[in-house]
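*Asks:* let's see this in three dimensions:
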Amino acid sequence: LYTQTVRMMTRFSQRLFVLAFVPKAKLAIAFVQTVALMPTVYELELPEVYYKWLGFFKVFQVDVTEFLIPRACIEGGFRTRLLLVAFGPLVVAASFVILWVTIGMASHVIFRKNG
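*Replies:* Numbers count the residues shown, from 1 in each chain. All right, here's what the predicted structure looks like:
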């Protein structure tokens, strides 16, 4: 049963690779995100059919920042929130790099003293 399941999963992943599923999925997600935000970004009034069609995609619109920092806690409005969303991942990535370098330097100093 295990080897049969592994074989089936291997065939499935090979077919997804041949069909280039991942790039197509990325394009579809980017398209949906772009279309969903058009009324907000461009301040458009669109037909009711548009909003009904996009109602399905609201399930996929998860605002992580709302869980981390509620809107009521952010002073400065949309601009401050945009800056947090834009630069937050960069700050996290820079923190990991600094931590990695610090651990590397500390381990170098510790092993140099001992060895």
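
*Asks:* measure residue 47 to residue 39 for me?
*Replies:* For residue 47, the distance to residue 39 (CB to CB, to the nearest Å) stands at 11 Å. Just so you know, the C-beta spots here come from the backbone N, C-alpha and C atoms, and that holds for glycine as well.

*Asks:* between the two, which has more neighbouring residues?
*Replies:* Taking other CB atoms under 10 Å, residue 47 and residue 39 do not tie; residue 39 has more neighbours (14 against 8).

*Asks:* check contacts around the more buried one.
*Replies:* Contacts for residue 39 were tallied using CB atoms under 8 Å, 6 or more residues apart in numbering; they are 45, 46, 50.

*Asks:* okay, and it sits in which element?
*Replies:* Under the assignment given by DSSP states H and E, the secondary-structure element containing residue 39 is helix 21-42.

*Asks:* for that helix, what is the average pLDDT?
*Replies:* Regarding helix 21-42, the rounded mean pLDDT is 83.

*Asks:* need the CA coordinates for the helix or strand immediately after it in the chain. CSV is fine.
*Replies:* Counting by DSSP H and E, the next helix or strand C-terminal to helix 21-42 is helix 48-54. As requested, the backbone C-alpha atoms of helix 48-54 are provided in CSV (Å, rounded to 0.1, in the frame of the first residue of the first chain):
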residue,chain,number,x,y,z
GLU,A,48,-23.2,45.0,-9.1
VAL,A,49,-22.3,41.8,-11.2
TYR,A,50,-18.7,42.5,-10.6
TYR,A,51,-19.1,42.6,-6.8
LYS,A,52,-21.2,39.4,-6.9
TRP,A,53,-18.6,37.6,-8.9
LEU,A,54,-15.8,38.7,-6.6
